[in-house]
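Colleague: okay, predicted coordinates and the sequence, questions at the end:
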Amino acid sequence: LNQNPWCPYAPGKDGYMFVGLGGDAVKLVEPEQRALFVNVSEDQKSKLFFAGFYEVCKVEDVTLDEWNTIPDYVKSQYSQTTKDKVAECSHMSVRDIKAQYDIGVRRAPCRRLRFLGFRNPKDPSRDAYQALITHFATPPRTAAAATNKRKSEDRLSNVRKTRVRLSLPQRP
């Protein structure tokens, strides 16, 4: 959310993202349906929530009036991203790039996020929402049950490595 203050703030809400700098200019131009996970952590660690399925498409760039509603620290971070992604800005200072946004010479590209629902509209058999429900509906094992599990040992009493199989829960 640091660079996308208009991203959906809760599951099921509509919103906007600032996407389209540099090589990203060709991404999400035509409407596409996507599952959206939003990172709400304050630092680089991922703390995500599933917001639902969204139609994502390009809309008009952020206007000067809209830009002026954005907190200054977000403007500075976005100006740094512009410096990193836009070749013509790589030699400029972040301060100069921000000044261009602040007077409307440069405008942030924007994508609209329109909520479609929590079920996968493209393929109900690959429904991320149902997979999350199923996964988290299964109660975790208790510590007592985990300690009573037998360990596999070979003839020399060496503990064998256990195999871990990761998979999504199957739909009932």
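Modeller: Structure received. Residues are numbered from 1 along each chain as shown.
Colleague: for this protein, which strand extends over the most residues?
Modeller: In the chain, taking DSSP state E as the definition, the longest strand is strand 48-59.
Colleague: show me what that one is packed against.
Modeller: Judged by 3 or more CB pairs under 8 Å, 6 or more residues apart in numbering; DSSP states H and E, the packing partners of strand 48-59 are strand 32-39, strand 110-117, helix 128-137. Using the backbone N, CA and C atoms, a C-beta is placed for each residue, glycine as well.
Colleague: TSV please, covering those and showing distance to Gln100 and mean pLDDT.
Modeller: As requested, those are exported to TSV (distance: least, CB to CB, whole Å; pLDDT from 0 to 100):
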stretch	distance to Gln100	mean pLDDT
strand 32-39	27	83
strand 110-117	17	92
helix 128-137	39	73
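Colleague: hmm, back to that, sheet partners, orientation included, of the longest strand of the chain?
Modeller: If you go by DSSP bridges, strand 48-59 pairs up with strand 32-39 (antiparallel), strand 110-117 (antiparallel).
Colleague: which residues touch the first one?
Modeller: Spelled out, it's strand 32-39. Residues from elsewhere that reach strand 32-39 (CB atoms under 8 Å, 6 or more residues apart in numbering): 1, 7-8, 46-57, 113, 116, 120-122, 128.
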